Structure formats: structure tokens, C-alpha cells
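Trainee: what would the 3D arrangement of this be:
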Amino acid sequence: MKQILGSVVAAQGFSCNGVHCGIRKNRTKRDLALIVSSVPASAAAVYTANLVKGAPLTVTRRNLSDGVAQAIICNSGNANTCNADGVEIARGMCELVERHTGISADNVVVASTGVIGQPLSLEPIAAGMPELVRGLGARDDEANQAILTTDTRAKQIAFEFELGGKVCRIGGIAKGSGMIHPNLATMLVFVTTDAAIAPAMLERALREDVRDSFNMVSVDGDTSTNDMVSVLANGLAGNPEITQPDRDYEIFCEALAAVTRALCRMIAGDGEGATKLLTCNVVGALDVYQARVIAKSVISSALFKAAMFGADANWGRVLCAIGYSGAETNVEAIDVTFRSAAGEICVCRNGAGIPFEETDAKRVLSESEIDVDVTCRDGAARATAWGCDLTYEYVKINGDYRT
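Mentor: Prediction:
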């Protein structure tokens, strides 16, 4: 497997575009994206566990009930959530795709992101569709930009791998900067591949993957109403279709994981107001569940995140987060090490502090990417979680997000 250029159009048969249709006031901001497969594809998605769900999720879940889709349409600037006519609008977006591309409205994944509770009209979307469809092609920058909200940069990745002697490609784009503390999915993530895999196996692969990828990301502790991860696999690579959990399925899962984990790092590193990407690596946990709980608790701690912003080696906040996480662990046998491109420094051994030079710790924690290595002595399980520091800018961004 190797990384290649591109994202959702790296795989055969996919095209995309993004335009400004008028949902967002700023005309320099694209706000409508479309991704299309030339043939129907196996499709799967996972959705937020928030009881308040955006209308697009309701429509997408219904459309994917048969495991098939051929297009993804997404708008930014309005979440289409808590609107009385939300489902009607989301369904209308699918029907606009059918009208302009010929793809059945029932084969469309629809997504929205932006402010909750704001009315959304189909008029600007309908007006933007001709340009959106006319510009469908192999460039992905426009579509990538059109799904962003408070993101400061686009997030995209693609890989090439082999199945059954055939070269396959998989790529993805994501949006997500704030309101990120996933449960079942995260933010908005769209993945495409030309590998042939049955819908049931694709859904299985996605559900298994998110437990160790997107569910292990936290920016601010808020689970969004519109979180969704969707995958389309159109089979144009020509490999024998994956219909069971064999070696080809394992290879596909590895390729999917390469995409999702890369996007996780990008999302966490672009957290609202963030200056640092934080990665918590847990080893020696009792089981995988305990490892996940510990890693996620550390990365979600507001006190720990604030300490990392100030490059303060306050390791006690790591132990504190582990202590209230609910994980089964012997806290008197835990080691903590901070690591970055500037070096590494052990600050806690067997649940107690050890002498270290504050100046050395400051140097390690002043880098833009910091790893927190937590060593338990309960078993052999491991897990990784991704987050970011908590800065003054986060409050500024969210203090007037709606107005």
C-alpha cells in the first residue's frame, strides 16, 4: 500500500465538484459539493448517536437501506437540523441530483453542516446545480472546500493497494474542526474506492473501523447532530468481490484504516483555535475497551488540553483523567512520557512523579505535534486517541459562531 495524490476522485469512476450557490453569505466560500460514481456502488454509513439528528441523516439512512448509492451531495453553512421541513429539504436535494444527473434520488447520500436551527431553502441549491454538475471532473479541491465550515484547511488523503491481483484505490475528504466528540461517527467524512466489496462487508468494515479511528477523536467534548461517515465502493478496479472476512477483506480494512486514521490526525490538528495536535498512545491495558477509554479520557480533558497549550508538563492531569475515566487499571503502575520532534521526557513512573528538567519538558511540549505515551501494566492491549490543545481562540470562534 502506498499513498498517492488525490482524495475522492483517486479511485476509478468518481468525479466531483464544489460551487458557491448562495447558502453562505461570503461569495468566496464554496457551499455545495457533489461526488458522483459513474456506476452504482456498494454503500455504507455510520451516524451520530446524538438524539438530535440532522434531517439529512434520516434521509441518507433510508436511501442506504439497500446498501447502494451513486452520489453524495453536501452543503455547508446550514445544518438543516431542527427544521420542521428538514426531511423535505434533504429529500429535495436528492431529487435535484436526480433531475440534473439522472441518478435516482434513492441512491443519493445527502449531508449538511453549519448552524443548527436555521431555515434552509432549496432555491439556492437548485440555482447552483447546473454549474455544479457541469463542472464535475477529476479535481477534488472544489468539493473539498465546499464542505468546510470553521476548518482552516482542507483534509484529504488517498492510497493505492492491491486486491486479487488488481490495483485498487481508496481516498477520502473530511470536514471537522469543532463540535467534535464522536459516538458512532464523526463530523462529515466521505470515502470512495474502486474496490469491489459487498454492501454487508463494507458496512462491517466501516463499523469496525470507526471504533479505533473517528470515535477516538475529540476536540471539545461535543457530539454533533450531523456527524456522518459514508463510504462508496463502485468495484471498477475489477478485483473479485469481497463477500466474506477473508484475507482480501483484511487488506481492504487496512487500506480503509490508512485513510481514516490520516483524516483523524488532520481533523484533530485543525481543531478550532488549535495550535497543537495531541496523540495519546496507551499500551499495556487490560483489554482494548479499557485502552480506548483511557486514551479518549486523556485526550478529552480540558485541563490537560489547556496545559498542552501552555507547554506545561502537568502530568498529574493525565493521571487525573485516567482516574475518572472508569477504566479498570492499576493507577499505581502507570508511566507517562511526553514525546515530540524535540525529544522525549518521562514525567511519571509507577503512578508517581519523577525528577525532570522543566526546561527540557518545555522544549518537548512547544512543538506542534505532541505524543502522550501512557504505559499500563494490566495486560497487552493498546489504543490511540487524537485531540488538540485548548486555546483562547476556541472561545473566540464559538462566542459568535451563529451571529
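
Trainee: tell me where this protein has helices.
Mentor: For the chain, applying DSSP state H gives helices covering 55-63, 86-101, 122-134, 141-146, 199-210, 247-269, 288-300, 302-309, 316-323, 358-365, 392-399.

Trainee: including mean neighbour count, could those helices go into TSV?
Mentor: C-beta: built from backbone N, CA, C; applies to glycine. TSV is the format used below for these (neighbours: other CB atoms under 10 Å):
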stretch	mean neighbour count
helix 55-63	22
helix 86-101	20
helix 122-134	17
helix 141-146	23
helix 199-210	19
helix 247-269	21
helix 288-300	23
helix 302-309	20
helix 316-323	19
helix 358-365	16
helix 392-399	13
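
Trainee: average model confidence for stretch 20-32?
Mentor: The average pLDDT for stretch 20-32 rounds to 94.

Trainee: return the set of buried residues in that stretch.
Mentor: In terms of neighbour count (16 or more other CB atoms under 10 Å), stretch 20-32 has its buried residues at 20-24, 30-32.

Trainee: any chance of these in CSV with distance to Ile322 as columns?
Mentor: Formatted as CSV, the buried residues of stretch 20-32 follow (distance: CB to CB, whole Å):
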residue, distance to Ile322
His20, 46
Cys21, 47
Gly22, 49
Ile23, 43
Arg24, 42
Arg30, 42
Asp31, 42
Leu32, 44
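
Trainee: and of those residues, the nearest to Lys2?
Mentor: Comparing the buried residues of stretch 20-32 against Lys2 with CB to CB places Arg30 closest, at 30.0 Å.

Trainee: for the closest one, give me its contacts.
Mentor: Applying CB atoms under 8 Å, 6 or more residues apart in numbering, we find Arg30 in contact with 18-20, 76, 142, 145-146.

Trainee: so how far is Ala154 from it?
Mentor: 11 Å (CB to CB, to the nearest Å).

Trainee: dump stretch 293-304 to CSV, keeping only the CA atoms.
Mentor: Provided in CSV are the C-alpha atoms of stretch 293-304 (Å, rounded to 0.1, in the frame of the first residue of the first chain):
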residue,chain,number,x,y,z
VAL,A,293,-11.4,4.5,27.5
ILE,A,294,-8.1,5.7,28.9
ALA,A,295,-6.8,7.2,25.7
LYS,A,296,-10.1,9.0,25.0
SER,A,297,-10.3,10.3,28.5
VAL,A,298,-6.8,11.8,28.5
ILE,A,299,-7.3,13.5,25.1
SER,A,300,-10.7,14.9,26.2
SER,A,301,-9.6,16.5,29.4
ALA,A,302,-10.0,20.3,29.2
LEU,A,303,-7.3,20.8,31.9
PHE,A,304,-4.8,18.6,30.1
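
Trainee: one step back: in JSON lines: the contacts of Arg30, plus distance to Glu162.
Mentor: Below are the contacts of Arg30 laid out as JSON lines (distance: CB to CB, whole Å):
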{"residue": "Gly18", "distance to Glu162": "31"}
{"residue": "Val19", "distance to Glu162": "36"}
{"residue": "His20", "distance to Glu162": "39"}
{"residue": "Ser76", "distance to Glu162": "35"}
{"residue": "Glu142", "distance to Glu162": "30"}
{"residue": "Gln145", "distance to Glu162": "32"}
{"residue": "Ala146", "distance to Glu162": "32"}
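
Trainee: which pair of these spans the longest distance?
Mentor: Farthest apart among the contacts of Arg30 by CB to CB are Ser76 and Glu142. That separation is 12.5 Å.

Trainee: what is in contact with these two at once?
Mentor: With CB under 8 Å, 6+ apart as the test, Ser76 and Glu142 both reach 30, 33.

Trainee: low-confidence regions, the stretch 51-200 of the chain specifically.
Mentor: Within the stretch 51-200 of the chain, the stretches with pLDDT under 70 are 179-180, 183-186.

Trainee: contacting residues for the spatially closest residue to Ser230 that is not a sequence neighbour?
Mentor: Excluding the flanking residues, the one nearest Ser230 by CB to CB, 6 or more residues apart in numbering is Ala45, at 4.0 Å. Neighbour list for Ala45: 60-61, 64, 109, 185, 206, 228-231 [criterion: CB under 8 Å, 6+ apart].

Trainee: if anything else comes up later, I'll come back, but that's it for now.
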